[in-house]
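Visitor: Here is a sequence together with a model predicted from it:
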Amino acid sequence: MRRNALFVLVLFFIGVLHADDTKWYTEGNFVPAKRLMVKIVNTLDIERMNCPVVITREQFPVKKLHEMWVTIVDPSLPSKPEPTKEEFAFAGGHGIRKETNGHQIFYQLDDLDKDGIWDELFFQTNLRPRETKTLYIYFGFSGRGWNEHGTHATIGSYCRHIIPWWESANIGWKLWFPTSVDMYGKRKPILMSEEMCIHNYCGYYGVPKVNFDYGSDVMGVGGSFGAGGIGLFELPARPDSISIPRFTPVEGPKISERNFNEDQLTDTRYAFDVVVNGPVRSMIRVKTMNWSTGNGFYELEQFYTAYTNQSYSTCRVKYTRFDPAVTGVEFCCGIKANTLESENVVDKGIAIRTGVEMVADPDDDTGQKAHRVEFVGSALVVKDVYKPQYVRVRSLGDNHTFRIPVTTDRTFEYLIAGAWSEGVVYNTPESFKQYVQKTALEYNNPVAVEFGELEQK
């Protein structure tokens, strides 16, 4: 009887082993004994490169995690060989050693609400049309893996003005005006916002003298939504009238002449945080507070995110206070439009601005000439689920905008994208349009995630 019980116990332990034990991942002396299979499903008939995958803590079967106890492995990728003597000397003890059965990919275990507990597991992967890709998440401490950053976020005092930056190597954004985005084009794939803030290089004229690859500020925002901005449609009878946080009915200069709010006590005020900073995504938070429009009182948060190897940023907007004094108020987001109608493209949930730009510092008094750029493109995409309605707003410098019905949780999302003719990718109007249209399709159809069983080796 005892022998039979022992035999059953042996069969049980054999049963929990993977069918082919040799296919488990190893790296140096890291030989994990527990893993979870994850299937990433591409529901589209197109190839998806550097596709974002977000797994929330609520979705994930394993809650108790530390970022150094997770290793995500793509078994279809070639394993890293044993490092050379030179590589070992450069990377030191934290460099990845010889791998078997796949290759580990960069990820982030992000605490978004800053309570000390992770909220989202994030990584990127490549998918063929209609592919279901199998990845494995291995559990067990590993102290190796230098993760090269493809994004960066920072907050700096730039010309005596506190502003946030967030960027991929392709394109960058900053908020000189707190809720209307400036766009920064790079000539080579490079992260440069930290250098810009530390040294306070002029984004228009000084940078080429320092590092030509850094590129240039390519967006003149002025009184517009720039490369992306938010507001409210408060007056249904006046569709060209939009309330935006930095133009408020307070004493002082005329609203049309004012680019900044009057003060931090009686007018709208702002605060910025870096939420996460690489390697594969970087995120900043913008808090807009004490916003009185004359027709209501509002406060909100925006979460802007940059993604590795992409030329877009997403923005999640959540109104934390929403007290309209009038009926029919709706959300608004927009980008600056072009004067020439042939250089504007509008589709369902998509607005694209293209064309020649004369890039110049609007505050320059040194007599330096504007820099002609053959093509600067910016775009806005609003998810279909929010039922966006396009509205061309000629006021505030002429803008493409979308009217969005107020949601139950007072939250909505949109995406902004950018490119220019002196960059490496999407440097023509046609290639940029194709990128935006493909990105919009992917944005509206996030990948599906399916979990297998937790396996014990």
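Guide: Arrived safely, thanks for sending. Numbering: from 1, shown residues only.

Visitor: the helices in the protein, which residues?
Guide: Counting by DSSP state H, the chain has helices at residues 2-16, 85-91, 193-199, 207-210, 429-444.

Visitor: low-scoring pLDDT stretches of this protein, where are they?
Guide: Residues of the chain that meet the criterion pLDDT under 70 lie in 1-22, 205-208, 251-257.

Visitor: Show me which residues of stretch 127-134 are buried.
Guide: Under the neighbour-count criterion of 16 or more other Cβ atoms under 10 Å, stretch 127-134 has 127, 131, 133 buried. C-beta here means a position set from N, CA and C on the backbone, and glycine is covered the same way.

Visitor: List the residues that contact the first one.
Guide: This means L127. 40, 42, 47-48, 51, 133, 447 (Cβ atoms under 8 Å, 6 or more residues apart in numbering).

Visitor: can you do 7 Å?
Guide: L127 sits next to 40, 42, 47-48, 51, 133 when contact means Cβ atoms under 7 Å, 6 or more residues apart in numbering.

Visitor: So what sits opposite it in the bridge?
Guide: R48 (DSSP bridges).

Visitor: The closest residue to A351 other than its chain neighbours: how many residues sit nearby?
Guide: Counting by Cβ to Cβ, 6 or more residues apart in numbering, A351 lies nearest to H400, which is 3.6 Å off, once chain neighbours are set aside. A total of 25 residues lie near H400 under the criterion other Cβ atoms under 10 Å.

Visitor: Surely H400 touches A337?
Guide: Yes. Applying Cβ atoms under 7 Å, one finds H400 in contact with A337, separated by 5.0 Å.

Visitor: residues bridging contact with those two, i.e. touching both?
Guide: 344, 353, 392.

Visitor: Tabulate those (JSON lines), appending neighbour count.
Guide: Formatted as JSON lines, the shared contacts of H400 and A337 follow (neighbours: other Cβ atoms under 10 Å):
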{"residue": "N344", "neighbour count": "17"}
{"residue": "R353", "neighbour count": "24"}
{"residue": "R392", "neighbour count": "16"}
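
Visitor: Quickly name whichever of those is closest to N290.
Guide: R392 (30.3 Å; Cβ to Cβ).

Visitor: does the closest one have beta-bridge partners, and which?
Guide: Under the criterion used (DSSP bridges), R392 bridges to H400.

Visitor: and Q104, what does it touch?
Guide: 27, 71-73, 145.

Visitor: now G220
Guide: P362 are the contacts of G220 under Cβ under 7 Å, 6+ apart.

Visitor: L112 too?
Guide: By Cβ under 7 Å, 6+ apart, the neighbours of L112 are 119-120, 275.

Visitor: Dump those residues into JSON lines; add distance to L77 and neighbour count as well.
Guide: Formatted as JSON lines, these follow (distance: Cβ to Cβ, whole Å; neighbours: other Cβ atoms under 10 Å):
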{"residue": "D119", "distance to L77": "27", "neighbour count": "17"}
{"residue": "E120", "distance to L77": "23", "neighbour count": "18"}
{"residue": "V275", "distance to L77": "29", "neighbour count": "19"}
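
Visitor: For those residues, give me a markdown table that also has distance to A227.
Guide: Listed next are the contacts of L112 as a markdown table, based on distance: Cβ to Cβ, whole Å:
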| residue | distance to A227 |
| --- | --- |
| D119 | 27 |
| E120 | 25 |
| V275 | 20 |
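
Visitor: Mind checking which of the residues you listed are in strands?
Guide: 120, 275 (DSSP state E).

Visitor: quick one on the thing from earlier: what's near enough to touch the residue nearest to A351?
Guide: Here H400 is in contact with 334-335, 337, 344, 346, 351, 353, 380, 392 (Cβ under 7 Å, 6+ apart).

Visitor: out of everything not next to it in sequence, what's closest to V274?
Guide: Per Cβ to Cβ, 6+ apart, closest to V274 is A153, 4.9 Å.

Visitor: State the distance from that neighbour to G172.
Guide: Using Cβ to Cβ, to the nearest Å, A153 is found at 10 Å from G172.

Visitor: Quickly list what's touching both of those two.
Guide: W165.

Visitor: Straight-line length of stretch 177-188, end to end?
Guide: 26 Å (Cα to Cα, to the nearest Å).

Visitor: Mind listing what's buried along it?
Guide: Across stretch 177-188, burial judged by 16+ other Cβ under 10 Å covers 177-187.

Visitor: again, but for stretch 402-418
Guide: For stretch 402-418, the neighbour count (16+ other Cβ under 10 Å) marks 402-404, 406, 412-418 as buried.

Visitor: Just confirm T293 contacts S243, I think it does.
Guide: Yes. The pair T293 / S243 is scored as a contact, 4.1 Å apart, by Cβ under 7 Å.

Visitor: Common neighbours of these two, please.
Guide: 232, 234.

Visitor: what residues go with each domain of the chain?
Guide: As assigned by automatic domain parsing, the chain contains the domains 33-147+447-456, 217-426.

Visitor: Enumerate every residue touching the nearest residue to E148 once chain neighbours are set aside.
Guide: Of all residues not flanking E148 in the chain, P279 sits nearest, at 6.4 Å (Cβ to Cβ, 6+ apart). P279 sits next to 106, 147-150 when contact means Cβ under 7 Å, 6+ apart.

Visitor: Which one of the residues you listed sits in the busiest neighbourhood?
Guide: Going by other Cβ under 10 Å, G150 tops those with 24 neighbours.

Visitor: okay, now the closest residue to that residue other than its chain neighbours: neighbour count?
Guide: Take G150 and drop its neighbours on the chain: the residue closest to it by Cβ to Cβ, 6+ apart is T308, 2.9 Å away. Neighbour count for T308, taken as other Cβ under 10 Å: 21.

Visitor: Can you tell me how far T308 is from E47?
Guide: Applying Cβ to Cβ, the value for T308 to E47 is 17 Å.

Visitor: now do G140
Guide: Going from G140 to E47 by Cβ to Cβ gives 33 Å.

Visitor: N261: which of the contacts of P279 is nearest?
Guide: Comparing these against N261 with Cβ to Cβ picks out H149 as the nearest, at 33.5 Å.

Visitor: List the contacts of that closest one.
Guide: So H149 contacts 191, 278-279 (Cβ under 7 Å, 6+ apart).

Visitor: Would you mind measuring from the closest residue in space to F212 that isn't next to it in sequence to T248?
Guide: Leaving aside its chain neighbours, F212 sits nearest to R187 (6.2 Å; criterion: Cβ to Cβ, 6+ apart). With distances taken as Cβ to Cβ, R187 is found 38 Å from T248.

Visitor: go on, T179?
Guide: Distance from T179 to T248, by Cβ to Cβ: 12 Å.

Visitor: got it, and T305?
Guide: The spacing between T305 and T248, counted by Cβ to Cβ, is 28 Å.

Visitor: How about W146?
Guide: Going from W146 to T248 by Cβ to Cβ gives 47 Å.

Visitor: Between these two, point out the one with more neighbours.
Guide: More crowded of W146 and T248, by other Cβ under 10 Å: T248, with 20 against 12.

Visitor: mind listing what the residue nearest to T401 when sequence neighbours are not counted touches?
Guide: Excluding its sequence neighbours, the residue lying closest to T401 (Cβ to Cβ, 6+ apart) is G334, at 3.4 Å. By Cβ under 7 Å, 6+ apart, the contact list for G334 reads 225, 229, 380, 393, 399-402.
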